[in-house]
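From the sequence below, what's the structure:
(one chain, ligands or ions: 1)
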Amino acid sequence: MTAVRGAEAVVDLTAIADNVAALREHVGGRDVMAVVKADGYGHGIVEAARAARRGGATWLGVAFLEEALALRAAGDRGPILSWLAVPGERYDEALEAGVEVAAYSTAQLDEIAAAGSAGRPVAVQLKLDSGLGRGGAQPAEWERMVAAAVRHEAAGRVEVTGLWSHLACSDEPAHPSIAEQSAAFDAAVQSASDAGLEPRHLHLANSGAVLRQPDTWHTLVRPGIAVYGVSPFADGSNPVPLRPAMTLRAQVALVKDVPAGQGVSYGLTYRTEAATRLALVPLGYGDGVPRHASNRGPVLVGGRRHRVAGRVCMDQFVVDIGDTEVRAGDPVVLFGDPSRGEPSAHDWAQAAETIGYEIVTRVGARVPRLHIGAAGS
Ligand SMILES: *Cc1c(COP(=O)(O)O)cnc(C)c1O
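Numbers count the residues shown, from 1 in each chain. Down below sits the predicted model:
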């Protein structure tokens, strides 16, 4: 595949397994739900899930039922929660596949219950909107949804296995909203308990909170980006030693000499200051390299850090390598492991004014994934 495309995303499954193990230890052995939505944040959902299980993830989390069913089709038999549905969702298929689903409203819970039957309940986890203002039931609706859950449980149509919510600012440690959302969640758990619901799983923490907010851990944590070794924080820090799982690299397609004053790439936004050499890299925004990182994105080539020269194109970009020893066919790394001197996904996020999540997740389907490491079989 490398020979065909000249570029690949190398995914180290040992890093994923080790990261999950490190996170699990960090949260004192609580259950870990490794989030593998969006093709495992671009790393390959099936491979990432297998590696996460090997590292000790008792749960897998996905956004869509299709993702959960893909995991089942690949042989995964462990607990999976799928949390984003639209009306008409095939809850019968979730039930058949043993995939747990989320209820965001009383109406949705009724729809879920309709797929269950006395003695064959659908496992459902009730979601509170504790302040993110995205999915989940508002506190004002919570009591009604809980009452409906109690009714459907008594009829044997659903089994409430969890209560959960999602944080707005876990990437900003000690942001006041974290305590406010925690308090709202605690109150919702209490009112569910008063109504007679005592589900086994209570969960709130995504990566930022898993790493820095122990009071949010409850019985289960839901790390996503940390599983892949990318920091959720704006400063790129990682209080738990994690290894980046993905390395995005390519082979230099062409090296050539150019004179001073040579314009480079569409719009001629870069001009060489002196006679120099340019290296052509066969990756572009069609592969997920952000065009917004034009003239900024860092690469490691010929043992040195350089920046993208000019605009990132659909299939390619150019690097002004000066006197760095580089030949066509040499490797160029866009991001990988900074401990090997490579730029990080976080560095690219800064260059593109986005977050590391987007950098790894948007690596395009045209880039072959090469899975390496102990969990690869
Ligand atoms: C994506 C997602 C997560 C994981 O978030 P990270 O910040 O990547 O750890 C956890 N929970 C929900 C509901 C999500 O949508």
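
Report pLDDT for Arg5.
Note on Arg5: pLDDT of 76.

same question, the one 5 residues further on
Each residue has a pLDDT score; the one for Val10 is 98.

Pairing partners for the one helix or strand it maps to, with directions?
Assigned by DSSP states H and E, Val10 belongs to strand 7-12. Using DSSP bridges, the strands paired with strand 7-12 in its sheet are strand 246-251 (antiparallel), strand 369-372 (parallel).

now the strands for the stretch 1-150 of the chain?
7-12, 31-35, 59-62, 80-82, 100-103, 122-127 (DSSP state E, counting those that start in this stretch).

who wins for proximity to His292 among the ones you listed?
His292 sits nearest to strand 7-12 of all the strands of the stretch 1-150 of the chain, at 19.6 Å, using C-beta to C-beta. Glycine gets a C-beta too; all of them are placed from N, C-alpha and C.

mind checking how far the closest one is from the chain centre?
Put simply, strand 7-12 sits 16 Å off its chain's centre (C-alpha atoms, centre = their mean, to the nearest Å).

Identify all contacting residues around it.
By C-beta atoms under 8 Å, 6 or more residues apart in numbering, the residues outside strand 7-12 that reach it are 1-2, 42-44, 47-48, 243, 245-251, 282-283, 287, 336, 363, 367-373.

Over to stretch 315-332?
By C-beta under 8 Å, 6+ apart, stretch 315-332 touches 249-255, 264-265, 270, 272, 276-284, 286-287, 289, 294, 297, 299-304, 306-311.

Helices - which of these land there?
Among the contacts of stretch 315-332, no member falls in helices (DSSP state H).

For PyMOL, write a command that selects the buried ones of these.
Buried members of those, defined by 16 or more other C-beta atoms under 10 Å, are picked up in PyMOL with:
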select buried, resi 249+250+251+252+253+255+264+265+270+272+276+277+278+279+280+281+282+283+284+287+289+294+297+299+300+301+302+306+307+308+309+310+311
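
Show me what from the stretch 151-300 of the chain comes close to the ligand.
His166, Asn206, Ser207, Arg222, Pro223, Gly224, Ile225, Ala226, Pro232 (C-beta under 6 Å from any ligand atom).

Can you pick out the most distant pair from those?
So, those by C-beta to C-beta: farthest apart are His166 and Ala226, at 15.3 Å.

Tell me which of the strands of the stretch 1-150 of the chain approaches the ligand most closely.
strand 31-35 (4.1 Å; C-beta to the nearest ligand atom).

returning to what we had before: please narrow the contacts of stretch 315-332 to those residing in strands.
249-251, 254-255, 264, 270, 276-281, 299-301, 304, 306-309 (DSSP state E).

rewinding a little: CSV for the residues of the stretch 151-300 of the chain next to the ligand, including secondary structure, pLDDT and neighbour count?
Shown next, in CSV, are those (DSSP: H, G, I helix; E, B strand; the rest coil; pLDDT from 0 to 100; neighbours: other C-beta atoms under 10 Å):
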residue, secondary structure, pLDDT, neighbour count
His166, coil, 98, 23
Asn206, coil, 98, 24
Ser207, helix, 98, 27
Arg222, coil, 98, 24
Pro223, coil, 98, 30
Gly224, coil, 98, 22
Ile225, helix, 98, 25
Ala226, helix, 98, 25
Pro232, coil, 98, 25
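
JSON lines please, covering the residues you listed and showing distance to Leu128.
Formatted as JSON lines, those follow (distance: C-beta to C-beta, whole Å):
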{"residue": "His166", "distance to Leu128": "9"}
{"residue": "Asn206", "distance to Leu128": "15"}
{"residue": "Ser207", "distance to Leu128": "20"}
{"residue": "Arg222", "distance to Leu128": "14"}
{"residue": "Pro223", "distance to Leu128": "20"}
{"residue": "Gly224", "distance to Leu128": "19"}
{"residue": "Ile225", "distance to Leu128": "23"}
{"residue": "Ala226", "distance to Leu128": "23"}
{"residue": "Pro232", "distance to Leu128": "22"}
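
burial count for Ile372?
14 (other C-beta atoms under 10 Å).

what do you get for Pro244?
25.

For the stretch 1-150 of the chain, which segments are assigned as helices?
Using DSSP state H, counting those that start in this stretch, the helices of the stretch 1-150 of the chain run over 2-5, 13-26, 37-41, 45-54, 65-73, 91-97, 106-115, 139-154.

Which of these sits closest to Gly356?
helix 37-41 (9.5 Å).

quick check: mean pLDDT across that closest one?
Here the average pLDDT along helix 37-41 is 98.

and if you look at stretch 262-271?
Across stretch 262-271, the per-residue pLDDT values average to 98.

Can you give me the buried ones in that stretch?
Quick answer for stretch 262-271 (16+ other C-beta under 10 Å): Gln262, Val264, Ser265, Tyr270.

Tell me the span between the first and last residue of that stretch.
End-to-end distance for stretch 262-271: 5 Å, by C-alpha to C-alpha, to the nearest Å.

For it, which outside residues touch it?
Residues contacting stretch 262-271 (C-beta under 8 Å, 6+ apart): 261, 272, 276, 278, 294-295, 309-313, 317-318, 320.

Select, from those, the two members most distant in space.
So, the contacts of stretch 262-271 by C-beta to C-beta: farthest apart are Gly261 and Val312, at 21.8 Å.

Looking at those two now, which is surrounded by more residues?
Taking other C-beta under 10 Å, Gly261 and Val312 do not tie; Val312 has more neighbours (27 against 10).
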